[in-house]
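[1] sequence first, then the predicted structure, then my questions.
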Amino acid sequence: VLLHRMKAHKVDYWSRLGRLRRSQWVLAWEKVDRAVMSGRIVCDTYLAAKARADLVKSKSYSLTQLARSQLETPREDISFESIPGYFKSASSLAYLTEHCCFDTFLVIKLMSKLQVLPLTKQLTALAGNLWGRTMTGARAERNEYLLLHEFHKAKFIVPDKAIYTSQRGAGATQQDGDEDGGRKTEGRRKPAYAGGLVLEPKKGFYDKFVLMLDFNSLYPSIIQEYNICFTTVNRPVRSDDNPDDEPDVPDSALETGTLPKLLARLVDRRRQVKQLMKDPKATPTELAQYNIRQTALKLTANSMYGCLGFTNSRFYAKPLAMLITSKGREILQNTVGLAESKGLDVIYGDTDSIMIYTNTDSIDEVKTMGLDLKREVNKRYRLLEIEMDAFYQRMLLLKKKKYAAIVVTEVNGQLKTKMETKGLDLVRRDWCELSHSVSEFALNQILSGDGREEVLDRIHEYLAKVGRETRGGLVPIEKFIINKGMTKNAHEYADVKSQPHVQVAKRMIAKGISVRAGDTVPYVICTDHTAQGPSKTMAECAYHPDELRQPGSGLKIDFEWYLAQQVHPPVARLCAPIEGTDAGRLASCLGLDASRYHVASAVADMQQHTMLDAQISDEERFRNVDRLFVRCLRCNRSNPLIGVALSKVGYRGLRCPEENCGAVLPAPSIGFQLTAAIQQHIRRYQEGWLLCDDPACQTRTRMLSVRREKCMNAECLGGKSLAFSDKMLYNQLLYFDRVFNYDRALKHTTDESLRGMLSWATRCRSAAPCD
DNA sequence: GCCTGGAGCGC
DNA sequence: AGGCGCTCCAGGC
């Protein structure tokens, strides 16, 4: 924009934006921005913030968002469409101008906060590439230069640089809208080799310490430990038909290769820098510099592995990458084996880490346990080191790569706690803020350490409130906004109709708002009352928040969709391991139609029980249920009711089983007693007593329930489970059903007189259902 | 119910 | 213009 304004106003020396003196306007319009800046290093804080995603945890990388999260400075968002309006008066134009000036201030502050210049300078100095290229985030190129320098010093001839050709056939000339079915979309290709090992988690809620250990820089360490290098590993010639076998570890007698030497140097320098940081005389400025340096060293060492597996890298070496990950898997597996052989309970692990359930509340005990294991593991390796990484006071482990925990740290002898959340819907930007805040509440409750019933009561109550407030229109629009990133440009998506963000992006582009690959698109889901025709897909109901806010748009947020699709699923997933609630219950709290969930879960239960136990007879299945005792009004004796198939059944109903009585049991009386029995069992289930499953132990507790946990009794090796579980309750209720199930009895009995009776009773029942 | 893309995480 | 592993959601069949 600047350049074109300069040209329009015939500004001299317009080429001074860059350092090349240009006298002629020869640049192609598309490439102006790059070429015109030649000779200058451009720092794009948008790219820089994305590159430092490790520090910047932001839903989107807009200046407004970054100013808020990084600089704690509010910034007014001025929508693209409203800008022309600011030109209508001097005062509003001045306001807009000031806003722009403030933006430049924010950008500078952001650059300073993220330490973009010091860090990129260090990275560049290490790799020996061009600073300007580091700014644009060319990680592979940095790695290439690092290796080029290294191999040149060692007097090797390096591989030729392959000319970059896109492997995909999407030509830039294909502008016609014709959808070519056979064309592959750009994006992530399928994996070429195996990566890290992820252990199957032992899911559940843990309310005693979990110890987390991990290997320091696993892959760089493996390269050194096993002397993995282009110069040492015997690898097959690169061709299309070579076998994908992983190569052997080089002979231990071989001289240290270039790659391990390089990594050793990086690690050693980092150690030195960290040593300098311990100097009490170091000034804050020096400390900051040291910290940047050690970060750069670490980043450089850690990015080596990734570039070995990068197809378009000059130093692409799939066999080396394969060997590294393979050793990683082997190391993790061995570590798990060692821990388990010491009687430790490994509940999870991912690539370079393991988590151990310690079954103790004493942090000192945990430390002893950890040190002990650490010592044994580290004995096995020359360089490789495992380290205690964290102590989790409580932990909710839901799935692979999805968990939350209360982390305990010692600060000046004081124990501090903090919540850490990994992979949950809660940390993903494709869920709206409403969804996040509800999940956060539920998670805080679950991890609070309070009793189960209390926790569930509070969650249920909160959900009811959320349902009411949402439907009442009390929740601000912002809380409904969902953000999704564009991996491609809008027109490159093949499947547009199922992707809400693409639909919205296309409309934004039509309005002249720039949306490119890598940008984040915000949208809300609205109801469509105007359309009576075929129901619209979800994506077609997506609108940009500005479209919703537009006066007279007639759009309304689809509250029911949000409660059912954004709030309910994540909360249900969080509560899944907690006994005493389920998807149906949570849905009904939110005011949603719970029957769907009840039916679904009942069907699932039914299948689980009947499919698995298909061969089991009723006698076997109901061996442990409480019989339904019914008191006869005439003889006043209680007798177990065995069921319509076996009880004395008369034309007037069930009869008292007492030998000398046989009076008809009135239906209302049976109904009352049955209801009481059902209520009693449901209460028993809700009380949630936990019982050790070792019959000799018999320890009973009533805590926030877990699906899987060791018995409270320290000496006992048993596990804890509900004394009266959901399965037992189900079985109990199934028994009650069976007792009065005429249809089933009719199907199963061979007694002709009973058959007649039952079929008659069945007909009567359909005539007078209230009986 | 099974399969396939895409997103977006974790490491 | 580093890698793979793992949920989830939608949609098509």
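    Ah, there it is.

[2] quick check: phi and psi at the closest residue to DNA strand C within the stretch 251-400 of chain A.
    Per C-beta to the nearest atom of the strand, residue A:306 is where the stretch 251-400 of chain A lies closest to DNA strand C, at 2.2 Å. Quick note: C-beta positions are derived from backbone N, CA and C, even for glycine. Dihedral pair for residue A:306: phi -60, psi -40, per degrees, to the nearest 10.

[3] quick one, what contacts it?
    For residue A:306, the contacting residues are residue A:139, by C-beta atoms under 8 Å, 6 or more residues apart in numbering.

[4] find the closest residue to DNA strand B in chain A.
    For chain A, C-beta to the nearest atom of the strand, closest residue to DNA strand B: residue A:485, 2.9 Å.

[5] now residue A:321. Nearest residue, chain neighbours left out?
    Once flanking residues are discounted, residue A:321 sits nearest to residue A:309: 3.8 Å by C-beta to C-beta, 6 or more residues apart in numbering.

[6] what's the burial count for that neighbour?
    By other C-beta atoms under 10 Å, 19 other residues sit near residue A:309.

[7] pLDDT wise, what is it at?
    pLDDT, residue A:309: 95.

[8] quick check: it touching residue A:193?
    Yes: contact criterion C-beta atoms under 8 Å: residue A:309 and residue A:193 qualify, at 7.1 Å.

[9] identify the contacts common to these two.
    A:318, A:321.

[10] show the contacting residues for residue A:469.
    Residue A:469 sits next to residue A:475 when contact means C-beta under 8 Å, 6+ apart.

[11] now do the buried residues in the helix or strand hosting it.
    According to DSSP states H and E, residue A:469 maps onto helix A:452-471. Buried residues in helix A:452-471, counted by 16 or more other C-beta atoms under 10 Å: A:452, A:455, A:456, A:458, A:459, A:460, A:462, A:463, A:466, A:467, A:470.

[12] ok, stretch A:112-132 next?
    A:114-124, A:126-127, A:129, A:132.

[13] can I get the buried residues of helix A:452-471 in JSON lines including distance to DNA strand C?
    Formatted as JSON lines, the buried residues of helix A:452-471 follow (distance: C-beta to the nearest atom of the strand, whole Å):
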{"residue": "A:452", "distance to DNA strand C": "22"}
{"residue": "A:455", "distance to DNA strand C": "20"}
{"residue": "A:456", "distance to DNA strand C": "20"}
{"residue": "A:458", "distance to DNA strand C": "23"}
{"residue": "A:459", "distance to DNA strand C": "18"}
{"residue": "A:460", "distance to DNA strand C": "21"}
{"residue": "A:462", "distance to DNA strand C": "20"}
{"residue": "A:463", "distance to DNA strand C": "17"}
{"residue": "A:466", "distance to DNA strand C": "18"}
{"residue": "A:467", "distance to DNA strand C": "19"}
{"residue": "A:470", "distance to DNA strand C": "17"}
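
[14] just these now: which is nearest residue A:549?
    residue A:470 (18.4 Å; C-beta to C-beta).

[15] didn't the closest one look like it was pressed against residue A:563?
    Yes: Residue A:470 is within contact range of residue A:563, at 6.1 Å (criterion: C-beta under 8 Å).

[16] what ranges do the helices span in the stretch 1-150 of chain A?
    In the stretch 1-150 of chain A, the helices defined using DSSP state H, counting those that start in this stretch lie at A:2-8, A:32-36, A:45-51, A:63-71, A:90-113, A:116-127, A:131-135, A:139-153.

[17] which residues of chain A lie near DNA strand B?
    A:185, A:187, A:195-196, A:214, A:350-353, A:401, A:421-423, A:427-430, A:483-488, A:493-495, A:499, A:502, A:520 (C-beta under 7 Å from any atom of the strand).

[18] biggest strand in chain A by residues?
    Looking across chain A with DSSP state E, the single longest strand is strand A:386-399.

[19] what's residue A:22 in contact with, if anything?
    residue A:15.

[20] residue contacts, the spatially most central residue of chain A?
    Nearest to the mean C-alpha position of chain A, by C-alpha atoms, centre = their mean, lies residue A:423 at 2.4 Å. By C-beta under 8 Å, 6+ apart, the contact list for residue A:423 reads A:399, A:401, A:402, A:403.

[21] so what's the residue nearest to the first one when sequence neighbours are not counted up against?
    Leaving out its chain neighbours, the residue that sits closest to residue A:399 by C-beta to C-beta, 6+ apart is residue A:201, at 6.7 Å. Taking C-beta under 8 Å, 6+ apart as the criterion, residue A:201 is in contact with A:347, A:348, A:397, A:398, A:399, A:400, A:403.

[22] residue A:524 looks like it's in a strand, true?
    Yes: counting by DSSP: H, G, I helix; E, B strand; the rest coil, residue A:524 is found in a strand.

[23] gap between it and residue A:480?
    5 Å (C-beta to C-beta, to the nearest Å).

[24] one more: residue A:228?
    On the measure of C-beta to C-beta, residue A:228 and residue A:480 end up 51 Å apart.

[25] same check, this time on residue A:48
    Residue A:48 is 30 Å from residue A:480, by C-beta to C-beta.

[26] tell me if the residue nearest to residue A:399 really is in a helix.
    No: judged by three-state DSSP, residue A:201 forms no part of a helix; its state is coil.
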